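In: Predicted structure and sequence below. I'll ask about it afterward.
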Amino acid sequence: MALATAGDPTKNTPRKSDPKSEARAAAKAGRRNFAAQRRRTALVAWLFALPFLVVFAVFMLGPVIGSFAMSFTDLGVKDLRSPFAVNFIAFDNFVTLFQDELFVKSIVNTFYFVLVGIPLTMALGLLLAVALNSGIERFRGVFRVGYYTPVVTSIVAVAVVWRFILQDSGLMNTVLSWVGINGPDWLNDPFWAMPSIIAMGAWRNMGTLMIIFLAGLQAIPRDVYEAAEVDGAGAWRRFTGMTLPLMRPTLLLGAVLLSVGFLQVFEEPFVMTQGGPLNSTLTISYYVYNQFGYGDYSLASAAAYVLFAFIAALSAVQFRLLRSKDN
């Protein structure tokens, strides 16, 4: 038996290695090492992000979830001692809101501000950006700083200054009187109060859009305009046929940022008109503020989520209208 085993060449000769098997094993080991490395990297990243996540969960996510749950209850100021003993009332707060004429008026006022203010502000911002990009050569930096200064100035300070300008005997009516025009009491007239706030909002925010649009204009290759000039396209044709289509992503960004801010307008009417006269400048945010002041926290939370729905819907419409045609 021993001799037979010793004489068998298949028992003593080592097996030839299989290159394909070794390659598969090496690839499998490499994938395991790569996966382990990714897990370690992800763990380190989450550890670095942990302080922010804790702060975000405590001060942002928690209140958001709490206010959303609050909007389906009858929580008021009298329930603060026992907030978990409130009653679940489903959608009654939302029904109450849309039956409240004051809330409906605040919606109308807010969309008046948005639908007039956004196109006006975007037009002014784009006009300034085009001028700074091509028409103004000297002191370009001075103009940029000048038009952007209202953005970084305190909104309360700006609103106070505009309130004095628009008084019945303020600077605006004084200038108009020089040319024989008897100006109205801008902020105390129900017809002129909201246009006055829109003018101030457009003046304050056009600097932000100017910077955004200027970046978009400078990203357009100069060769495109040179080719259009060779083909005989005039300035207006180049602007409408080339600049605006190529600026669609930038216009979308500006419109979304502006709409989110304008739908939440609060400081301007709060400082300048206190929501008057005759609630002509009462906005949704101001309505929410008033309801919290009255102690009706659940109704205020419901109104805030109605505002959130409007912001999401308007942003979706803007993405639909202004997104690139290639997408």
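Out: Thanks, I have the structure now.
In: For the stretch 201-327 of the chain, which segments count as helices?
Out: Ranges of helices in the stretch 201-327 of the chain, per DSSP state H, counting those that start in this stretch, are 222-230, 235-238, 244-246, 248-263, 267-272, 284-294, 297-322.
In: Mind pulling up the pLDDT for the residue minimising distance to the centre of the chain?
Out: In the chain, the centroid-proximal residue (Cα atoms, centre = their mean) is L257; its distance is 3.6 Å. Note on L257: pLDDT of 89.
In: Which of the helices of the stretch 201-327 of the chain sits closest to V55?
Out: In terms of Cβ to Cβ, the element of those nearest to V55 is helix 297-322, at 21.5 Å. Placement of C-beta: from N, CA and C, glycine included.
In: Buried residues, that closest one. List them.
Out: Residues of helix 297-322 classed as buried under the neighbour-count rule (16 or more other Cβ atoms under 10 Å) are 297-307, 310-311, 314-315, 318, 322.
In: Can you check what angle separates that helix from helix 248-263?
Out: Angle of helix 297-322 versus helix 248-263, following axes from the mean of the first three to the mean of the last three Cα atoms, to 10 degrees, is 160 degrees.
In: what is the rounded mean pLDDT of helix 297-322?
Out: Per-residue scores along helix 297-322 average to 89.
In: let's have the chain start at 796 instead
Out: Done: numbering now begins at 796, and the last item shifts to helix 1092-1117.
In: roughly how far is it from the heart of the chain?
Out: 12 Å (Cα atoms, centre = their mean, to the nearest Å).
In: Measure how it sits relative to helix 1079-1089, angle-wise.
Out: For helix 1092-1117 against helix 1079-1089, the angle by the same axes, to 10 degrees is 170 degrees.
In: Against which helices or strands is helix 1092-1117 packed?
Out: Packing partners of helix 1092-1117 (3 or more Cβ pairs under 8 Å, 6 or more residues apart in numbering; DSSP states H and E): helix 857-865, helix 887-894, helix 896-925, helix 1043-1058, helix 1079-1089.
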